[in-house]
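Student: Predicted model and sequence below, questions to follow.
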Amino acid sequence: MEVIESGHPRSGRAGHRHAGTTWPQARAAAVRLAERARPAAPARVPLADAAGATLAEPLYALTGLPGHDAAAMDGYAVAGAGPWRITGRVLAGEGAPGPLRAGECVEIATGAPAPQGTEAVLPYEYADRDGDTVRGEAEPGRHVRRRGEDCAEGERVLPAGAAVTPAVLGLAAALGHDALSVRRPRVSVLVTGDELATSGRPAPGLVRDAVGPLLPGLTAWAGGAAEPVRYVPDTYAAMVDAVASCRAADVVVVCGASSAGPADHLRAALAELGAEIAVDGVAVRPGHPQLLGRLPRGGGRDAVVIGLPGNPYAALGAAVTLLVPVLRGLAGRPPAGVWRTAPLPESVRAHPADTRLVAVRLADGRAVPVGHDRPGVLWGAALADALAVVPPGWTPGDGEAELLPLPG
Ligand SMILES: Nc1nc2c(c(=O)[nH]1)N[C@H]1C(S)=C(S)[C@@H](COP(=O)(O)OP(=O)(O)OC[C@H]3O[C@@H](n4cnc5c(N)ncnc54)[C@H](O)[C@@H]3O)O[C@H]1N2
Ligand code: MOO
């Protein structure tokens, strides 16, 4: 096991006295690792299955928008100067009627194809109808959407790497697509800890798993797809087998077993499997025992491996630090940059040597700590909009703090 990024001074065992990689270095290492890795394989999926994925190819307009000259208001499509004689009626979904000649009009519904020769649409509320004759002020070009005026057929409307949002799905459908070529990195989730219960109220001495339920949603929000969570017994052999069996994954996330205890086998298992470790411990609170590396899988297709601390809020902070940028990169999205910054109240205390991740809510442009964000509890994270990044030694005079968004 080769440690690339500076880790931290080791105690005699695989323990962690102090992390040497700073939090910004760890996040930058995640971005770099994902940039260098092969992106997740693209797949063509129906629109209904593409939400939250990332476009593997640019999106082109298979049809113009609108696809035909269309009325933008309910009223009369007119040609030439008024008064106009009504020659027919066209509703949305019908074919365009024959061409209009000067002095003629057709009654028309919003979105219906405007006949050739239409110069304007006169809305009902501005029209004065008397039998088959219509009068009114029709401004040339008003209320007619010309074919392709919003988007020309063949135009490239979105680049590869765009997130498939609900608006993208609607746009793709409007442009004539039934399926999209997308990337969605596959994440194997391994949760360790013999003390974990997975249902009901935990019996004395047991702890309910809080990280397994959290990771699939976080993964989907960041553009990946988590496989069903697998629980790994606290033995070295089980850890080696479990990590080795994640053959289809782009990312292997292991929660727990990250620290110095007798059941913490992750590092040794990764060493046996030939992993190359990029980050081994981070100067951040909570979450210092986090880990990032590359796991050889044969055939030149490595997986990214991420170790999350077992404490649930520490695991969330580490996932936001490492997993979210890795998924972005493997999905082919550009690096996120700073989402936003906000002033923090003076009551926030920095740590002298470590970055702190503080659960905050946004109110009137300020970040308000919500409390309840000790390493073992997700209460604060559940109340929060974001994690505020408080650099070591930070004081309010140092300006605004970066905020990392949490899934809403
Ligand atoms: N000698 C040292 N001990 C510890 C260190 C250290 O540096 N030296 N670091 C501490 C920190 S910080 C953390 S965080 C934990 C990380 O330990 P592990 O990743 O090995 O996790 P565990 O020891 O299994 O669990 C820690 C804690 O979290 C609970 N846990 C674990 N998994 C889950 C889960 N899926 N859902 C809910 N709760 C979970 C577990 O019961 C423990 O209470 O190590 C410290 N110790
Ligand atoms: O920093 Mo640990 O990661 O407290 O919970």
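Tutor: All right, it came through fine. Ligands and ions are numbered 1, 2, ... in the order given.
Student: Nearest to ligand 1: which residue in the protein?
Tutor: Closest approach between the chain and ligand 1, counting by CB to the nearest ligand atom: Gly310, at 2.4 Å. Glycine gets a C-beta too; all of them are placed from N, C-alpha and C.
Student: how many neighbours does the residue nearest to that residue when sequence neighbours are not counted have?
Tutor: Of all residues not flanking Gly310 in the chain, Gly256 sits nearest, at 3.7 Å (CB to CB, 6 or more residues apart in numbering). Neighbour count of Gly256, defined by other CB atoms under 10 Å: 29.
Student: Gly256 reaches Val189, doesn't it?
Tutor: No. Look at Gly256 against Val189 with CB atoms under 8 Å: they stay out of range, at 11.5 Å.
Student: quick revisit: and the residue of the chain closest to ligand 1, how many neighbours does it have?
Tutor: Neighbours around Gly310, by other CB under 10 Å: 26.
Student: tell me which element it falls in.
Tutor: Using DSSP states H and E, Gly310 sits within no helix or strand.
Student: Whichever helix or strand Val284 is part of near ligand 1 anywhere?
Tutor: Here Val284, judged by DSSP H and E, is contained in strand 282-285. No. If you take CB under 6 Å from any ligand atom as the test, strand 282-285 misses ligand 1, and the best it gets is 7.9 Å.
Student: what's Thr321 sitting at in phi/psi?
Tutor: The phi/psi pair for Thr321 (degrees, to the nearest 10) reads phi -70, psi -50.
Student: Point to the residue nearest the middle of the protein.
Tutor: Here the mean C-alpha position of the chain is nearest to the C-alpha of Ala222 (CA atoms, centre = their mean), at a distance of 3.7 Å.
Student: for the protein, what's the longest strand?
Tutor: Under DSSP state E, the strand in the chain containing the largest number of residues is strand 355-363.
Student: Could you list the buried residues of that one?
Tutor: Neighbour-count burial for strand 355-363 flags 355-360 (criterion: 16 or more other CB atoms under 10 Å).
Student: buried stuff in the helix ranked longest in the chain?
Tutor: Secondary structure of the chain per DSSP state H: the longest helix is helix 23-36. Buried residues in helix 23-36, defined by neighbour count with 16+ other CB under 10 Å: 23-24, 26-31, 33-34.
Student: could you dump the residues you listed to a markdown table with pLDDT and distance to ligand 1?
Tutor: Converted to a markdown table, these look like this (pLDDT from 0 to 100; distance: CB to the nearest ligand atom, whole Å):
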| residue | pLDDT | distance to ligand 1 |
| --- | --- | --- |
| Trp23 | 97 | 14 |
| Pro24 | 97 | 19 |
| Ala26 | 97 | 15 |
| Arg27 | 97 | 18 |
| Ala28 | 97 | 22 |
| Ala29 | 97 | 19 |
| Ala30 | 97 | 18 |
| Val31 | 96 | 23 |
| Leu33 | 95 | 21 |
| Ala34 | 94 | 23 |
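Student: Could you check how far the residue nearest to Gly365 when sequence neighbours are not counted is from ligand 2?
Tutor: In this structure, Gly365 finds its nearest non-sequential neighbour in Ala342, 6.3 Å apart by CB to CB, 6+ apart. To ligand 2, Ala342 is 24 Å away according to CB to the nearest ligand atom, to the nearest Å.
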